[in-house]
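>>> would you be able to build a 3D model of this:
(one chain, ligands or ions: 2)
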Amino acid sequence: MKLTFLGTRGYIDVRTRRHYRHASLLVTHKKTRIMIDCGIDWERKVHDINADAIFITHAHPDHAWGLKKGAPCPVYATRESWEILKNYPVEHRLVKPKHKISLGGITLQAFPVVHSIRAPAVGYRITAARKSFFYVPDLIDIVDRHKALHGAKLYIGDGATITRPMVRRKGDKLFGHTTIRAQLGWCQQEEVPRAIFSHCGTQIVGGDGRKLGALIRRLGKERGVDVSVAHDGMEIML
Ligand SMILES: [Zn+2]
Ligand SMILES: [Zn+2]
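Numbering: from 1, shown residues only. Ligands and ions are numbered 1, 2, ... in the order given. Presented below is the predicted three-dimensional model:
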């Protein structure tokens with residue numbers, strides 16, 4: 001299967017050529033094309049992707065608002081996301097946590113993650129030709145982390161921050177973003193050999209790419225994980 005990082009920018013003001021549009025991934029296997037997330041940056045562009053289906057992780061602007069004026073294919077999202085996006089003029093399909101949905105040889109399974117109180121989020125475990133990877137652009141933690149990650153060849157995670165957690169609390173609920181360092185720790189624990197970070201925050205997008213790249217590679221090396229930062233247009237084969 002081929003993975004194309006259509007966009008790699010988080011919900012931030014800065015943009016560069018490498019991180020130009022909101023985080024979105026295109027998964028291609030044989031003739032099937034699935035787009036994951038469609039933020040405001042994709043509002044006009046979504047018709048150019050030629051996707052067979054779009055899956056949404058959560059209803060935040062940088063993940064779903066590109067669908068405000070419609071989509072060229074069915075859109076899959078959880079009940080909580082549809083509550084927020086209910087008036088969108090798209091073909092609604094329901095994603096239930098842990099249920100597997102198969103389209104043209106690609107299987108997607110949603111896992112709830114801790115990220116937002118108002119817009120509950122999921123990550124997707126995606127499998128094709130017996131290879132699995134996990135995609136989660138925004139999170140503090142995966143609720144059932146072991147089931148989500150075990151046996152995965154690749155983890156694609158939240159690049160909002162490298163070592164300083166962006167976690168806030170409201171009552172007993174947490175929201176925000178965990179660090180790249182913490183996510184690499186999960187990969188080590190679950191023996192996921194490779195990690196790529198998308199949904200890049202101001203630290204990566206506005207920072208010194210070479211210096212930060214070296215820091216991130218060192219964090220990976222310490223945990224035995226081969227790690228890189230995605231940029232718009234990057235493609236990998238899995
Ligand atoms: Zn986001
Ligand atoms: Zn979010």
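
>>> got the residues of this protein near ligand 2?
Within the chain, the residues that sit near ligand 2 (CB under 5 Å from the ion) are 60, 138. Just so you know, the C-beta spots here come from the backbone N, C-alpha and C atoms, and that holds for glycine as well.

>>> which residue is most remote from the mean position of the chain?
Gly171 (26.7 Å; CA atoms, centre = their mean).

>>> phi, psi for that residue please.
phi 60, psi -130 (degrees, to the nearest 10).

>>> now Ala182: how far from Ile140?
Applying CB to CB, to the nearest Å, the value for Ala182 to Ile140 is 9 Å.

>>> meant to ask about Val192, not that
18 Å.

>>> leaving out chain neighbours, which residue sits closest to Asp141?
Val114 (4.7 Å; CB to CB, 6 or more residues apart in numbering).

>>> residues near the one you found, how many?
Using other CB atoms under 10 Å, Val114 is surrounded by 19 other residues.

>>> OK, contacts around it?
Counting by CB atoms under 8 Å, 6 or more residues apart in numbering, Val114 touches 139-143, 174-175.

>>> by neighbour count, which of the residues you listed wins?
Leu139 (27 neighbours).

>>> which residues does the nearest residue to it once chain neighbours are set aside bridge with?
Using CB to CB, 6+ apart and skipping residues adjacent in sequence, the residue nearest Leu139 is Val113, 4.1 Å away. Val113 forms beta bridges with Ala121, Ile142, as assigned by DSSP bridges.

>>> measure Val113 to ligand 1 for me?
12 Å (CB to the ion, to the nearest Å).

>>> how many neighbours does that residue have?
Val113, neighbours per other CB under 10 Å, totals 25.

>>> quick one: contacts of the helix or strand harbouring Arg168?
Under the criterion of DSSP states H and E, Arg168 resides in strand 166-170. Applying CB under 8 Å, 6+ apart, the contact partners of strand 166-170 are 117, 140, 160, 174-178, 201.

>>> looking at the residues you listed, which are in helices?
Judged by DSSP state H, helices contain none of the contacts of strand 166-170.
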